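# Fold the following and give me the result.
(2 chains)
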Amino acid sequence: MTDTHPELEFFAFLEGGRFMIQRSRESGQCFFYPRVAEPGTGATDLEWVEASGRGTVYSTTVVRQKPPTPNYNVAIIELAEGPRLLSRVDGLAPESVRIGLAVHAVIKRESDKPIVVFEPV
Amino acid sequence: MTITYSLPDGFPRGQTAIVAGATFGVGEAPGYSTFDMAAKASIAALSEVGLRPRNVDALFAVVMDDTLSGLSFAEYLGTRTRFNDNCRTGGSSFQIHASIAALALASGQCDVALIAYGSNQKSSAGKLVGSTRPSPWESPYRPLRPISSYALAAARHMHEFGTTREQLGEVAIAARKWAQLNPEAVMRADLTMQDYLAARMVSDPLGLRDCCLVTDGAAAVVMVRADRARDLCPRPAYLLGAAHETTHREIANMPSLTTTCARQAAERAFAQAGLGPRDVDVVELYDAFTINTILFLEDMGFCPKGEGGRFVSGGRIAPGGELPVNTNGGGLSYCHPGMYGLFTMVEAAQQLMGVCGERQVPDVEVAIAQGNGGELSSEAVLVLGAGSTL
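Alright, predicted model coming up:
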């Protein structure tokens, strides 16, 4: 698959319930976000592979809102495959999310679009 | 494949200098366009050394609301440029302009370089003005950009090194104490540790007093070759080293959240200058958030990695401390008109010129002006020196 439309394909997979990331066949390295070429090498021998969904919280913050609007979490997740992405941890209070927490990916719909969020394992 | 650099770093050490710096409209300046403001600062800086816009032949102009600012501002000022570059890497843009101006001046591509910035974000919008495309990868999670990005770096620094909120507070309090010595500073009221800790949280672990101000403001500096600098200015700020590096745009793609590429930029800039952190008398760095001061002091070599929180404690970087940092009050208490980097250059140059009044640090021979762009993405370091360092 050398001719890829990264953003379109990523979200099309996600619509179908699959969290896919890209990998270079030669280097075997996964990366995120999706691109037309592997960062650094420029390799275009890319394939989509299904992410295991396993990851850990690399860093976390609580975005504070004016009450009664609830605060929410924003976190950087390091995937088991290596890449990091910005996301959110659901399933516990935003303040309780800790660096190092083991999480797994869940696909949710927000504003009528699919997004990847994470929940504690 | 590893790229081997075939040439040694030939930066023209000490061959160019900042001979004038000025600001305008710091705080609130309603009724002015961004170009009006940049022009006010530019005319003031040029006037200091008896120059007029028509004498400028190299222009480095950035505003937030015009991508073609290099053209618009040349037209506004009535300068016909033979060198024009409006490189924009966020708040580090101006340090990069200075490094390019040094190369262009030293190689005879131009004779008088003007670097200018103006922002009316406080009067026109009342908040940080964004001028970048929304990210499809980050927007759905509603990070409070750029605050959440810096908060994520701060949280990671706390996790790895035990840095505390009180240590971040030391940065905010030191900045405020310097601001109290700067009549132009926007925030001059006393700030205690109790006030700092009681301020509302914005994006944990950063609270209101960890965040830079949102103000208007414009700044400009004039650069010429060293031979001419001595005729124009009694104490020019010679550019001894200038280097920059970029690693990412969005915070999730930062290689390490606790080490910025200010490390590489500083290493190269110090090597060009033939100096090191121990030789530095004042540090002007881009404190968009309190964690920045800690990260950049570590990365530029003023203390070991992870020690920044302890290093800034006990008033070490405050007035009377052993390392004066952000002597104008910084982005935290002086002003922050969107892209603050040029204000660190004005302050560093003016500390070397000895014109800083009550906040003047005695006998400044070496000053750092550091710029930060994006979300710890682009780091640029200038090493400036007095005539004694040539």
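
# contacts, neighbours, all on C-alpha from now
Will do.

# Counting neighbours, what do you get for the closest residue to chain B within chain A?
Among the residues of chain A, A:Val63 lies closest to chain B, at 4.5 Å counting by Cα to the nearest Cα. Other residues near A:Val63 number 24, with proximity taken as other Cα atoms under 10 Å in any protein chain shown.

# I'd guessed it sits against B:Val202; true?
Yes - when contacts are counted by Cα atoms under 8 Å, A:Val63 is listed as touching B:Val202 (6.2 Å).

# Quick one: low-confidence residue ranges for chain A.
A:1-2 (pLDDT under 70).

# so which helix or strand takes in A:Thr56?
For A:Thr56, the element it lies in under DSSP states H and E is strand A:54-63.

# which neighbours do A:Val63 and B:Val202 share?
Residues touching both A:Val63 and B:Val202 (Cα atoms under 8 Å, 6 or more residues apart in numbering or on different chains): none.

# Which residues of chain A lie near chain B?
Within reach of chain B by Cα under 8 Å from any Cα of the partner chain, chain A has these residues: A:33, A:58-65, A:74-76, A:84-88, A:99, A:115.

# For residue 115, pull up the helix or strand it's in.
No chain in the question, so chain A it is. Using DSSP H and E, A:Ile115 sits within strand A:113-120.

# oops, chain B please
Secondary structure from DSSP H and E places B:Ile115 in strand B:113-119.

# B:Cys335: neighbouring residues, count only.
B:Cys335, neighbours per other Cα under 10 Å, totals 27.

# Can you verify my assumption that it contacts B:Cys211?
No - with contact defined as Cα under 8 Å, B:Cys335 does not count as touching B:Cys211 (11.3 Å).

# quick revisit: run the angle between the strand holding A:Thr56 and strand A:113-120 for me.
Angle, strand A:54-63 to strand A:113-120, by axes from the mean of the first three to the mean of the last three Cα atoms, to 10 degrees: 100 degrees.

# Which other helices and strands does strand A:54-63 contact?
strand A:72-79, strand A:102-110, helix B:147-161, strand B:201-203 (3 or more Cα pairs under 8 Å, 6 or more residues apart in numbering or on different chains; DSSP states H and E).

# Distance from the chain centre to that strand, please.
11 Å (Cα atoms, centre = their mean, to the nearest Å).

# swap in stretch A:92-103?
Per Cα atoms, centre = their mean, the centroid offset for stretch A:92-103 relative to its chain is 16 Å.

# Show me what counts as buried in that stretch.
Within stretch A:92-103, the residues scored as buried using 16 or more other Cα atoms under 10 Å in any protein chain shown are A:Pro94, A:Val97, A:Arg98, A:Ile99, A:Leu101, A:Ala102, A:Val103.

# go on, stretch B:26-36?
Using 16+ other Cα under 10 Å as the test for burial, stretch B:26-36 gives B:Val26, B:Gly27, B:Glu28, B:Ala29, B:Tyr32, B:Ser33, B:Thr34, B:Phe35, B:Asp36.

# which pair in those spans the largest distance?
Using Cα to Cα, the two most remote members of these are B:Gly27 and B:Phe35, lying 16.4 Å apart.

# ok, back up a step: which one of the helices and strands packed on strand A:54-63 lies nearest to B:Ala243?
Smallest distance to B:Ala243 across those (Cα to Cα): 22.8 Å, for helix B:147-161.

# which residues sit against the closest one?
Applying Cα under 8 Å, 6+ apart, the contact partners of helix B:147-161 are A:58-61, A:63, A:74-76, A:99, B:143, B:163-164, B:203-206, B:211, B:250-251, B:257-258, B:289, B:291, B:306-307, B:375-376.

# pull the CA atoms of the next helix or strand after that helix into CSV?
Going down the chain from helix B:147-161, the next helix or strand is helix B:165-179, by DSSP H and E. Presented in CSV, the C-alpha positions along helix B:165-179 are these (Å, rounded to 0.1, in the frame of the first residue of the first chain):
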residue,chain,number,x,y,z
ARG,B,165,4.2,22.9,43.0
GLU,B,166,6.2,25.0,45.5
GLN,B,167,9.2,24.9,43.2
LEU,B,168,7.1,26.1,40.3
GLY,B,169,5.8,28.8,42.7
GLU,B,170,9.4,29.9,43.3
VAL,B,171,9.7,30.7,39.6
ALA,B,172,6.5,32.8,39.6
ILE,B,173,7.5,34.7,42.7
ALA,B,174,11.0,35.4,41.4
ALA,B,175,9.5,36.7,38.1
ARG,B,176,7.1,39.0,40.1
LYS,B,177,9.9,40.4,42.2
TRP,B,178,11.8,41.3,39.1
ALA,B,179,8.6,42.9,37.6
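
# Give me the nearest residue to B:Leu206, chain neighbours excluded.
Residue nearest to B:Leu206 in three dimensions, not counting chain neighbours: B:Ala151, with 5.8 Å by Cα to Cα, 6 or more residues apart in numbering or on different chains.

# Tell me how many other residues surround that neighbour.
When neighbours are counted by other Cα under 10 Å, B:Ala151 comes out with 29.

# what does the one 10 residues further on give?
Residue neighbour count, defined by other Cα under 10 Å, stands at 14 for B:Phe161.

# need the contact list for B:Ala242.
Contact analysis of B:Ala242 by Cα under 8 Å, 6+ apart lists B:11, B:95-96, B:98-99, B:265, B:268-269, B:272, B:380-383.

# Which stretches in the stretch 151-300 of chain B count as strands?
Under the criterion DSSP state E, counting those that start in this stretch, the stretch 151-300 of chain B contains strands at B:201-203, B:206-207, B:216-225, B:237-246, B:282-284.

# Could you pull up phi and psi at the residue nearest to the spatial centre of chain A?
Closest residue to the average C-alpha location of chain A: A:Leu85 at 4.9 Å, with Cα atoms, centre = their mean. Backbone torsions for A:Leu85, taken as degrees, to the nearest 10, come to phi -150, psi 160.

# wait, isn't it in contact with A:Phe32?
Yes - at 7.0 Å, A:Leu85 counts as touching A:Phe32 under the criterion of Cα under 8 Å.

# Point me to the residue of the stretch 201-350 of chain B nearest chain A.
Counting by Cα to the nearest Cα, the stretch 201-350 of chain B gets nearest chain A through B:Ser203, at 4.5 Å.

# Near that residue, how many other residues are there?
A total of 28 residues lie near B:Ser203 under the criterion other Cα under 10 Å.

# Quickly list what the closest residue to it other than its chain neighbours is bridged to.
Distances taken as Cα to Cα, 6+ apart place A:Val63 nearest to B:Ser203, at 4.5 Å, with adjacent residues excluded. Under DSSP bridges, the beta-bridge partners of A:Val63 are A:Tyr72, B:Ser203.
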